[in-house]
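A.B. asks: Show me the folded form of this:
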Amino acid sequence: MTIDRRHLLRTAALGAGAFFVPADLALAQAPAGGTLRIAMTASAIPLPNGQTDQGGEGQRFIGYTLFDSLVFWDLSRSDAPSRLAPNLATEWSVDPADTKRWIFKLRPGVTFHDGSAFDAAAVVWNIEKLLDQSKPQFDPRQAAQGRSRIPTVLRAEVIDPMTVAVITREDDALLPYGIAWIVMSSPAQWEKVGRNWDAFLNAPSGTGPFKLTEYNPRERAVLVPNTAYWNPARRPKTERVILLPMPEANTRAAALRANQVDWIEAPPPDVIPSLERAGFKIVTNEYPHVWIWHFSMMEGSPWRDIRVRQAANLAIDRDGIAGLLGGTMQPALGLVTATSPWFGTPSFRVRHDPAEARRLLAAAGFSPRNPIRTKVLIPSSGSGMMQPIPMNEAIQQGLREVGINVEFEVTDWNVLTTAWRAGARDPASRGATAHNNSYFSQDPFTALIRHLDSSLQSPRGTNWGHYEDPAMDALFQQMRVAFDPAALDAVVKQAHEKIVNEALFLFVAHDLNPRAMRAQVRGFVQARNWFQDLGPVTVG
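C.D. replies: As a prediction, this is how the structure comes out:
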């Protein structure tokens, strides 16, 4: 039996009592062993191939549960920002004789789910599956997800069975942050399934804390504990985890009320008070995430004019949007929060000031009677996207009032992500001059560099808008050689000030990452991170 998602959508408006409960989920409603059923915002189960899709949510629920990375994040605390921590690598450092060569010491005794050994050869094999098209294991799907995270990496080399070197084309002090995104698939399992990545999807093997026992892309995935997992702190306490794709927010909330799921991502803000009154837990925390419009700087885009970009940032009422979301966001004044050591002291102050917005637009030759007309690509839902339809409608109204008329092209999350990687000039972006996305902002590369470095335009990276500025590139280069943390903080601050002053994005929201769950769900610590640890979670 499977969930009919169309049926869920039809019955969401009728209330909890109208739901059909599939037989296998009904049996799991009060599991003695502790089954955790999670309703994701994604429209499909992320690919269990290793370097998964579906954005940060895919990495959270498949990438880091089935697989593992050399470097990970400490997700054990909710009261402080997460820090990088040893994982499959016990330590790492730059080779003192060559700053383009990083040395990673691997954790002994780790095995893949299929029983094969994890070693330096496996690390090299996994780097090659992303970067080297001449290798039989090269996978375009995984490459599309992973190589933009490590754009400076040339190759990896075995030093000895438990030591690997990662070679970069230039100095890159930020490499450990990028390596944290790269997860390890089993070379032996890939061979066993016939050297076929599609076959691997139905029998995946990583080193992660969970194993996959069922995979139905549009309906569900079932994960069970890897009882041999090397890290006792992340070894799962649940009997199994069931992942269910439910992209529609009200459907997720109705499924929670109907006891079809135990945990939902991104509950609709307007139902949060009633969920709390009904005894459900609402868990929030600040984390490194910003919800923006990414402007195109291609010829013909209205956003090439700094006056238009600044006007747009002055036209929208962020406090009003926060009210719309029930207080589950902070107004964004830049790509990082105003309390971040990287925020700096920009001279342009992001705020709600429609009069100044109209003045700037008039100087650029536009007004409500002679408006800018343009198109923006937005998702219907998706990883980290909060409530994109009502949020974008509020933005659309604010912009219209000052003289910017926006038409929306609404797409599936994966379609949007494909367009993001393809770039603004690619047909996949459908002629849009801005792209609505949400960005991880926990390290300098993912927060700033990958969006604006001129060398990272498609197909080399995710500079979607084809922004080019030698002064910005120079700041990014300073970051890459800033092996001293204080020096790195200083140059990141300078780059962020430039980003805000030039209004290079429409800064909208910092998400507080709300989740709703049944009272019986215990042990969850919501880290200040895109990613979360399911290991300590139990279901009473």
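
A.B. asks: Sort out which residues of stretch 321-330 are buried, please.
C.D. replies: Using 16 or more other CB atoms under 10 Å as the burial criterion, the residues of stretch 321-330 that qualify are 321-322, 324-326, 328-330. C-betas here are computed from N, CA, C, even on glycine.

A.B. asks: And for stretch 399-411?
C.D. replies: Going by neighbour count (16+ other CB under 10 Å), the buried part of stretch 399-411 is 399, 402-404, 406, 408-409, 411.

A.B. asks: ok, so of those residues, who is nearest Gly208?
C.D. replies: Ranked by distance to Gly208 (CB to CB), the buried residues of stretch 399-411 are led by Thr411 at 30.3 Å.

A.B. asks: which ones among the buried residues of stretch 399-411 are found in strands?
C.D. replies: Of those, the ones assigned to strands by DSSP state E are 404, 406, 408-409, 411.

A.B. asks: Need those in JSON lines (columns: distance to Phe104).
C.D. replies: Below are those laid out as JSON lines (distance: CB to CB, whole Å):
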{"residue": "Ile404", "distance to Phe104": "49"}
{"residue": "Val406", "distance to Phe104": "46"}
{"residue": "Phe408", "distance to Phe104": "44"}
{"residue": "Glu409", "distance to Phe104": "43"}
{"residue": "Thr411", "distance to Phe104": "38"}
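
A.B. asks: Name the nearest of those relative to Ala117.
C.D. replies: Thr411 (42.4 Å).

A.B. asks: surely the closest one meets Val376?
C.D. replies: No - contact between Thr411 and Val376 fails when scored by CB atoms under 8 Å: they sit 11.0 Å apart.

A.B. asks: what sits up against stretch 465-480?
C.D. replies: Stretch 465-480 has contacts (CB atoms under 8 Å, 6 or more residues apart in numbering) with 152, 170-174, 294-298, 301, 303, 423-425, 435, 444, 448-449, 451-455, 457, 488, 491-492, 494-495, 498, 504.

A.B. asks: If any of those residues are buried, put those into a PyMOL selection.
C.D. replies: Buried members of these, defined by 16+ other CB under 10 Å, are picked up in PyMOL with:
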select buried, resi 152+171+172+173+174+294+295+296+297+298+301+303+423+424+425+435+444+448+449+451+452+453+457+488+491+492+495+498+504
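
A.B. asks: how close does Arg373 get to Arg430?
C.D. replies: 15 Å (CB to CB, to the nearest Å).

A.B. asks: What segments of the stretch 51-200 of the chain are helices?
C.D. replies: Ranges of helices in the stretch 51-200 of the chain, per DSSP state H, counting those that start in this stretch, are 55-58, 64-66, 120-131, 140-146, 175-179, 187-192, 197-201.

A.B. asks: Tabulate the ones you listed (JSON lines), appending mean pLDDT.
C.D. replies: Formatted as JSON lines, the helices of the stretch 51-200 of the chain follow (pLDDT from 0 to 100):
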{"stretch": "helix 55-58", "mean pLDDT": "90"}
{"stretch": "helix 64-66", "mean pLDDT": "97"}
{"stretch": "helix 120-131", "mean pLDDT": "98"}
{"stretch": "helix 140-146", "mean pLDDT": "95"}
{"stretch": "helix 175-179", "mean pLDDT": "95"}
{"stretch": "helix 187-192", "mean pLDDT": "98"}
{"stretch": "helix 197-201", "mean pLDDT": "97"}
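
A.B. asks: Next, format those as CSV and append distance to Arg349 and mean neighbour count.
C.D. replies: Shown next, in CSV, are these (distance: least, CB to CB, whole Å; neighbours: other CB atoms under 10 Å):
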stretch, distance to Arg349, mean neighbour count
helix 55-58, 29, 24
helix 64-66, 38, 28
helix 120-131, 41, 21
helix 140-146, 37, 19
helix 175-179, 30, 21
helix 187-192, 53, 18
helix 197-201, 49, 17
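
A.B. asks: Now do the contacts for the residue nearest the centre of the chain.
C.D. replies: Note on the chain: the residue nearest the mean C-alpha position is Gly56, at 2.6 Å, using CA atoms, centre = their mean. Residues in contact with Gly56 (CB under 8 Å, 6+ apart) are 383-384, 440, 530-531.

A.B. asks: Out of these, which is nearest to Ser78?
C.D. replies: Each of these was checked against Ser78 using CB to CB; the closest is Phe531, at 13.3 Å.

A.B. asks: Which residue lies closest in space to the closest one, excluding its sequence neighbours?
C.D. replies: Take Phe531 and drop its neighbours on the chain: the residue closest to it by CB to CB, 6 or more residues apart in numbering is Arg60, 5.0 Å away.

A.B. asks: burial measure for the one you found, as a count.
C.D. replies: 24 (other CB atoms under 10 Å).

A.B. asks: do the same with Ala364
C.D. replies: As a burial measure, Ala364 scores 17 neighbours (other CB under 10 Å).

A.B. asks: For it, give me its contacts.
C.D. replies: For Ala364, the contacting residues are 305, 307-308, 311, by CB under 8 Å, 6+ apart.

A.B. asks: Endpoints of stretch 429-446, how far apart?
C.D. replies: 21 Å (CA to CA, to the nearest Å).

A.B. asks: Show me what the lengthiest helix in the chain is packed against.
C.D. replies: Longest helix in the chain, counting residues (DSSP state H): helix 485-501. If contacts are counted by 3 or more CB pairs under 8 Å, 6 or more residues apart in numbering; DSSP states H and E, helix 485-501 sits against helix 470-480.

A.B. asks: what comes up buried for the helix it packs on?
C.D. replies: 472-473, 475-480.

A.B. asks: that older thread, looking at the helices of the stretch 51-200 of the chain, which is closest to Leu223?
C.D. replies: Minimum separation from Leu223 across the helices of the stretch 51-200 of the chain (CB to CB) falls at helix 64-66, 6.1 Å.

A.B. asks: Other residues contacting the closest one?
C.D. replies: Contact with helix 64-66 is made by 48, 72, 113, 183, 204, 206, 208-212, 223, 241, 531, 534, as judged by CB under 8 Å, 6+ apart.

A.B. asks: switch the cut-off to 10 Å
C.D. replies: Defining contact as CB atoms under 10 Å, 6 or more residues apart in numbering, one finds that helix 64-66 is touched by 46, 48-50, 52, 58-59, 72-73, 75, 87, 113, 180-181, 183, 185, 204-212, 221, 223, 226, 234, 236, 241, 243, 530-535.

A.B. asks: Return the residue of the chain that is most distant from the centre.
C.D. replies: Arg369 (39.1 Å).

A.B. asks: How much space separates it from Ile395?
C.D. replies: When Arg369 is compared with Ile395 (using CB to CB), they lie 21 Å apart.

A.B. asks: One more: Ala509?
C.D. replies: 10 Å.

A.B. asks: So which of these two has more stuff around it?
C.D. replies: A count of neighbours by other CB under 10 Å puts Ile395 above the other of Ala509 and Ile395, at 25 against 22.

A.B. asks: Let me know the pLDDT of that one.
C.D. replies: We note a pLDDT of 98 for Ile395 in this prediction.

A.B. asks: what does Ala85 give?
C.D. replies: What the model reports as pLDDT for Ala85 is 95.

A.B. asks: Show the contacting residues for it.
C.D. replies: 71-76, 180.

A.B. asks: so which of those residues comes closest to Ala355?
C.D. replies: Trp73 (43.6 Å).
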